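Trainee: give me a 3D structure for the following:
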Amino acid sequence: MSAATYHEYLEVLDHADCLVSPEGVALAVAQVAAAVTAELADSNPLVLCVMTGGFRFCSDLLGHLEFPLELDYVQVSRYRDGTEGGELNWLRRPEHGLRGRHLLVIDDILDQGVTLAAVRQHCIDVGATSICTAVLVDKGLAQRAMEADFVGLTAPDRYLFGEGMDFKGYGRNLRGIYALPESR
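Mentor: Residues are numbered from 1 along each chain as shown. Below is the predicted model of the structure:
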């Protein structure tokens, strides 16, 4: 990252709107965990974290799941540290075999659903028995590629960061969910 991006991030953070507090996020994660447990506790699922954005939600969610599971990850990107989605890039496919497995795919946000739909389709193509998806945030857009099975929070259609989501590579470490100022 360039120094200009670092300073730009500090300015954005200083003017960002906090949409969901850390406590609000924690409550949403616990509610998703209860729903996931009710659905998947007896299925020996393989959890697939969509990196990099999904790592925070995945980690927090796994801390609430008290049943046997395995963990792997995929890395797919449309943003590449930018603020607008582009072409889908597969950087890493899962190492575990997916054929015959019950899967829980975890991602940070569902806006257009392109990334999550591509991961889901890959899992179908290689023979997964079932696929559930969980996202921390759903923007509720009318036109999108798919719906998530488990949703922690809904948010307006603004550029979000924090809780694993980033602004040009920064802010993934923030607790709470922030939005760029509306004038940006």
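Trainee: helix, strand, or coil at the residue nearest the centre of the chain?
Mentor: For the chain, D108 is the residue whose C-alpha lies nearest the centre (Cα atoms, centre = their mean; 1.6 Å). Following DSSP: H, G, I helix; E, B strand; the rest coil, we place D108 in the strand state.
Trainee: the closest residue to L13 other than its chain neighbours and R99, how far apart?
Mentor: Distances taken as Cβ to Cβ, 6 or more residues apart in numbering put G171 closest to L13, at 6.8 Å, once the chain neighbours are dropped. Where C-beta positions appear, they are placed from N, C-alpha and C, glycine not excepted. Distance, G171 to R99, using Cβ to Cβ, to the nearest Å: 37 Å.
Trainee: same check, this time on C132
Mentor: On the measure of Cβ to Cβ, C132 and R99 end up 17 Å apart.
Trainee: of those two, who's got more company?
Mentor: C132 (20 against 10; other Cβ atoms under 10 Å).
Trainee: that one reaches E39, doesn't it?
Mentor: Yes. The pair C132 / E39 is scored as a contact, 6.4 Å apart, by Cβ atoms under 8 Å.
Trainee: so what sits against both of those two?
Mentor: Both C132 and E39 are contacted by D149, F150, under the criterion Cβ atoms under 8 Å, 6 or more residues apart in numbering.
Trainee: in the protein, where's the longest helix?
Mentor: helix 22-40 (DSSP state H).
Trainee: tell me the angle the helix or strand following it makes with helix 22-40.
Mentor: Sequence-wise, the next helix or strand downstream of helix 22-40 (DSSP states H and E) is strand 46-51. Angle, strand 46-51 to helix 22-40, by axes from the mean of the first three to the mean of the last three Cα atoms, to 10 degrees: 150 degrees.
Trainee: what helices or strands is strand 46-51 leaning on?
Mentor: helix 55-62, strand 70-77, strand 102-110, helix 114-125 (3 or more Cβ pairs under 8 Å, 6 or more residues apart in numbering; DSSP states H and E).
Trainee: got the buried residues for stretch 29-45?
Mentor: Buried positions in stretch 29-45, judged by neighbour count with 16 or more other Cβ atoms under 10 Å: V29, V32, A33, V36, E39, L40, S43, P45.
Trainee: just stretch 171-182 next, same as before
Mentor: For stretch 171-182, by 16+ other Cβ under 10 Å, it's G171, R172, L174, G176, I177, Y178, A179, L180.
Trainee: pull the contacting residues for the first one.
Mentor: Okay, so that is G171. Per Cβ under 8 Å, 6+ apart, neighbours of G171: Y9, L13, F161, G162, M165, Y178.
Trainee: next, count neighbours for the nearest residue in space to I177 that is not next to it in sequence.
Mentor: Sequence neighbours aside, V20 is the residue nearest to I177 in space, at 4.1 Å (criterion: Cβ to Cβ, 6+ apart). Other residues near V20 come to 24 when the count uses other Cβ under 10 Å.
Trainee: understood, closing this out.
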